[in-house]
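In: Test case, fold it:
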Amino acid sequence: MGRALVLGGGGITGVAWELGMLCGLRERGIDLAGADLIVGTSAGAIVGTQLATGVDPEERYAAQLVPPDGEVAAALGSGTLVRLALAAVAGGRDPQRVRARIGRFALRARTGPASDRIAVIGRRLPVHEWPGRALRITAVDADTGEFVVLDRDSGAPLVEAVAASCAVPGVWAPVSTGGRRLVDGGLRSPANADLAAGYDRVVVLAPIVRAIGPMIGVGTQIAALRARGARVALVSPDAEALAAIGRNVLDPARRAAAARAGRAQAASAAAEVAEAWQRVGDGDRRYGRGRSG
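Out: Next up, the predicted model:
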């Protein structure tokens with residue numbers, strides 16, 4: 001059926017690491033921007049939207065290297081983490097029930113207005129209209145815990161869809177769009193790689209692979225894709241990248257280091273990604289045969 005690129009969540013540093021990885025792979029002849037489907041969750045929704053709307057990854061990579069003058073780091077405080085943990089435990093083993101409890105916490109949390117966050121996301125997306133190509137952005141209904149997939153037919157404006165996918169509970173306000181109040185798509189899965197089901201070749205860039213409580217981990221979803229016959233490559237931060245990212249994925253001061261680490265890690269990830277991505281007959285664009293444009 002084609003090729004799918006899945007971009008997972010991971011905060012500000014996740015955006016930077018993914019952009020670095022994309023640029024580093026392209027230097028090695030692997031251009032993931034040519035995917036037939038792009039799936040974006042949280043940080044991956046920003047990067048995926050940039051790719052799908054034709055933004056040059058090198059341009060966005062360069063932006064990650066600019067010092068974050070005046071940009072304040074957000075964080076999941078200890079109180080927020082405790083409340084999220086309690087919601088996960090109290091919800092039992094029913095994933096949707098757990099998500100609904102976390103959603104109720106997000107709706108009660110004291111955060112800035114959603115409009116401020118939407119404006120920030122809008123500045124990070126040079127194009128504000130849904131592309132013609134297949135782009136799926138994930139979110140969770142804060143009232144019901146239902147998993148929501150947003151695309152050009154969903155009724156949600158593109159910037160609001162991305163802001164909803166990035167709405168970390170307790171940090172940023174839920175986003176009302178498409179008739180729902182939505183929060184971070186990472187509450188259901190760090191990458192939601194199962195949305196690539198039916199595609200022959202899949203690459204997953206996942207800054208985070210472990211799920212919250214009873215939610216679905218990236219490894220489980222990839223195993224299911226492979227069981228259906230798909231070739232799948234999973235790339236997550238290596239030790240050097242994890243050190244560069246640090247403990248707070250919402251700290252803009254770590255952005256440049258995370259971007260550089262992603263670009264450097266592409267050298268070791270390229271062979272596995274190429275094996276999953278490249279078709280026989282790609283000729284000079286195969287791994288090791290020069291740079292693709």
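In: give me the low-pLDDT residue ranges for the chain?
Out: Applying pLDDT under 70 to the chain picks out residues 70, 72-73, 75-92, 280-293.
In: just the strands in the chain please.
Out: With DSSP state E, the ranges of strands along the chain come out as 3-7, 37-40, 134-141, 147-150, 175-177, 180-184, 201-205, 231-235.
In: neighbouring contacts of stretch 150-167?
Out: Residues external to stretch 150-167 that are found in contact with it (Cβ atoms under 8 Å, 6 or more residues apart in numbering): 40-43, 45-46, 49, 106, 114, 117-118, 121-122, 125, 127-132, 134-139, 172-175, 177-179, 182-185. Every residue, glycine included, has its C-beta placed from N, CA and C.
In: Could you do stretch 113-123 as well?
Out: Judged by Cβ under 8 Å, 6+ apart, the contacts made with stretch 113-123 from elsewhere in the structure are 46, 128, 159-160, 162-163, 166-167, 172-176.
In: Drop anything exposed from these.
Out: Among the contacts of stretch 113-123, those that count as buried by neighbour count (16 or more other Cβ atoms under 10 Å) are 46, 159-160, 162-163, 166-167, 172-175.
In: Closest to Asp143 out of these?
Out: Taking Cβ to Cβ as the measure, Pro174 is the one of these closest to Asp143, at 9.0 Å.
In: Next up, the contacts around that closest one.
Out: For Pro174, the contacting residues are 103, 106-107, 114, 142, 164, 167, 181-183, taking Cβ under 8 Å, 6+ apart as the criterion.
In: Would you mark the buried spots in stretch 112-125?
Out: Of the residues in stretch 112-125, 114, 117-118, 121-122, 124-125 count as buried by neighbour count, 16+ other Cβ under 10 Å.
In: any idea which of those residues is the one closest to Ala257?
Out: In terms of Cβ to Cβ, no member of the buried residues of stretch 112-125 lies closer to Ala257 than Arg124, at 19.0 Å.
In: Contact partners for the closest residue to that closest one other than its chain neighbours?
Out: In this structure, Arg124 finds its nearest non-sequential neighbour in Ile46, 5.9 Å apart by Cβ to Cβ, 6 or more residues apart in numbering. With contact taken as Cβ under 8 Å, 6+ apart, Ile46 is in contact with 15, 40, 121, 124-125, 162, 166.
In: Restricted to helices, list those residues.
Out: Using DSSP state H, the members of the contacts of Ile46 that fall in helices are 15, 121, 124, 162.
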